[in-house]
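Asks: give me a model of this one.
(one chain, ligands or ions: 2)
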Amino acid sequence: MTEQLDSATSVKLQLSNGKTIPALGLGTIPPDDNPGSVKDQVITAIKEGYRHLDTAWYYGSEKYIGEALKELFDEGVVKREDLFITTKVWPSFWHNPEKSLNTSLKDLGLDYVDLFLQHWPITLHGDENGQPATPKKDDGSLIYDDDPANGTKYIETYHKMEDILDKTDKVKSIGISNYSIKKLEQFLPEVRKYKPVVNQIELHPQLPQQDLVDYCESRGIVIVAYSPVGGPGAPVLEIPLINELAKKYMVTPNEIAEAYHILNNRGVLSRSANLSRIKTITRLPKLSKEELKALYQVGVDNPKRYNCVPYGFGIGFRWWTGDLYSTDIGVMKPHFETV
Ligand SMILES: NC(=O)C1=CN([C@@H]2O[C@H](COP(=O)(O)OP(=O)(O)OC[C@H]3O[C@@H](n4cnc5c(N)ncnc54)[C@H](OP(=O)(O)O)[C@@H]3O)[C@@H](O)[C@H]2O)C=CC1
Ligand SMILES: O=C1O[C@H](CO)[C@@H](O)[C@@H]1O
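Replies: Ligands and ions are numbered 1, 2, ... in the order given. Down below sits the predicted model:
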């Protein structure tokens, strides 16, 4: 059970392997125009009480996080064991997650990460260094090493991650990201020794995916929500109810968007290049059950997914939502799947 504290940074969630994860994490996708600014974002967040950082080989921000951590450790602000750090293996590195991890650890300046995730349940055609990260044909479509909809090669990546957990001290836990129910049904029976502790997915009041959430939770997989305000432009914060609740509880709309997850025993990752915003998104308003349900209902009535369009990263996972994909994502069914 989540303890309902006044500070979101103090809440911890129990993982199925006996470890815990701080519910609120700082996202570290870097701003295109100033990736190095992630260093100050991390320093600001840690000084503000964040203890969970979410990154990925793919983001290109790990070396800046490494610089921030060195400074924080050297100054005695925090110790390594006070922090929970997640990184991920990108699909173009699917064939060698240990090499991806080693690159991440080197850039982060760390001996281990607390959580190592498979970023997507697909395989992209990258070389021995995972390059290019988004291999494309002349027509702009992605080059896969296996059928993205029905292939099973992506499971080999997880088996290699299990070996890393088994045979090295480089990771404390392993998990998955962007797995749908369809993929989980194919994948879970193939797990050899270590069940994924987390499934990191896009989740917010406009995208409830309750069937996926229930599926994971009933199997002891903690949900960690990304894009809690819908990413750039924060479209989720346009929901009138979020703003009404922010006024009622005298917090920021972002804190309502975070509380929506934390009070439901889920993790949540927020990101901001605005250092003053980082400082104003850490309180935990105690929304009532009825208010949480009303927020959930927003997306049941009018679902929207934001991470299926190729903004910024140049990837259009057009197959991602299968036959439910539509450029007018607002008309998709409430409980559509990711892959
Ligand atoms: N596993 C996966 O596939 C994925 C994982 N992630 C992880 O989750 C993290 C969070 O997701 P992300 O989509 O980045 O996060 P958010 O939903 O928190 O979106 C952050 C964006 O919203 C803007 N924003 C936030 N609050 C406001 C506000 N009040 N008014 C205006 N703009 C606002 C920020 O701008 P500003 O910087 O100006 O504050 C920033 O551009 C990522 O950084 C990453 O670590 C994300 C996507 C996919
Ligand atoms: O983690 C990730 O971030 C990008 C952009 O949102 C997305 O494609 C990837 O899964």
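Asks: which residues touch S173?
Replies: 15, 17, 19, 114-116, 165, 197-198 (CB atoms under 8 Å, 6 or more residues apart in numbering). (Each C-beta comes from the backbone N, C-alpha and C, glycine too.)
Asks: make sure it is indeed in a strand.
Replies: Yes. Secondary structure of S173 (DSSP: H, G, I helix; E, B strand; the rest coil): part of a strand.
Asks: residue of this structure nearest ligand 1, please.
Replies: G27 (2.2 Å; CB to the nearest ligand atom).
Asks: quick check: the nearest residue to that residue once chain neighbours are set aside vs K99, distance?
Replies: Excluding its sequence neighbours, the residue lying closest to G27 (CB to CB, 6 or more residues apart in numbering) is R271, at 3.3 Å. Counting by CB to CB, to the nearest Å, the separation of R271 from K99 is 27 Å.
Asks: who's more crowded, those two?
Replies: Legend: neighbour count by other CB atoms under 10 Å for R271 and K99, higher for R271 (25 against 15).
Asks: how many other residues sit next to the residue of the chain closest to ligand 1?
Replies: The number of residues packed near G27 is 22, by other CB under 10 Å.
Asks: cool, H159 as well?
Replies: 13.
Asks: and what of the one 10 residues further on?
Replies: Residue neighbour count, defined by other CB under 10 Å, stands at 9 for D169.
Asks: my guess is it contacts D111. True?
Replies: Yes. D169 lies in contact with D111 (CB atoms under 8 Å); the separation is 7.1 Å.
Asks: for T28, give me its contacts.
Replies: 38, 41-42, 53-55, 59, 61, 65, 271.
Asks: among the residues you listed, which lie within strands?
Replies: In strands, defined here by DSSP state E, the members of those are 53-54.
Asks: which one of the contacts of T28 sits closest to ligand 2?
Replies: Each of those was checked against ligand 2 using CB to the nearest ligand atom; the closest is Y59, at 6.9 Å.
Asks: Three-state assignment for A225, please.
Replies: strand.
Asks: ok now do it, which residues does it touch?
Replies: 200-204, 261, 266-269.
Asks: let's see it at 7 Å
Replies: The neighbourhood of A225, defined by CB atoms under 7 Å, 6 or more residues apart in numbering, consists of 201, 203-204, 261, 266-269.
Asks: could you find the closest non-adjacent residue to it?
Replies: Leaving aside its chain neighbours, A225 sits nearest to L203 (3.7 Å; criterion: CB to CB, 6+ apart).
Asks: pretty sure the one you found sits against C216.
Replies: No. Using CB atoms under 7 Å, L203 is not in contact with C216, being 10.7 Å away.
Asks: what's near enough to touch the residue nearest to G27?
Replies: R271 touches 26-29, counting by CB under 7 Å, 6+ apart.
Asks: what residues does the stretch 51-200 of the chain put near ligand 2?
Replies: A56 (CB under 6 Å from any ligand atom).
Asks: next, Y296: secondary structure please.
Replies: helix.
Asks: can you get me a residue count around it?
Replies: 16.
Asks: state the distance from it to ligand 2.
Replies: Distance, Y296 to ligand 2, using CB to the nearest ligand atom, to the nearest Å: 23 Å.
Asks: that residue reaches Q209, doesn't it?
Replies: No. Between Y296 and Q209 there is no contact under CB under 7 Å: 10.4 Å.
Asks: any idea how far the helix or strand where Y215 lies is from the chain center?
Replies: If you go by DSSP states H and E, Y215 is part of helix 210-217. Here the centre of helix 210-217 is set off from its chain's centre by 16 Å, with CA atoms, centre = their mean, to the nearest Å.
Asks: how about stretch 184-194?
Replies: Using CA atoms, centre = their mean, the offset of stretch 184-194 from its chain centre is 20 Å.
Asks: ok, now stretch 57-66?
Replies: 15 Å.
Asks: ok, it near ligand 1 or not?
Replies: No. Counting by CB under 6 Å from any ligand atom, ligand 1 is not contacted by stretch 57-66; separation bottoms out at 6.9 Å.
Asks: what's that stretch in contact with?
Replies: In contact with stretch 57-66 (CB under 7 Å, 6+ apart) are residues 28-30, 35-36, 38-39, 42, 53, 55, 87-90, 93, 100, 103-104, 107-109, 119, 130, 133.
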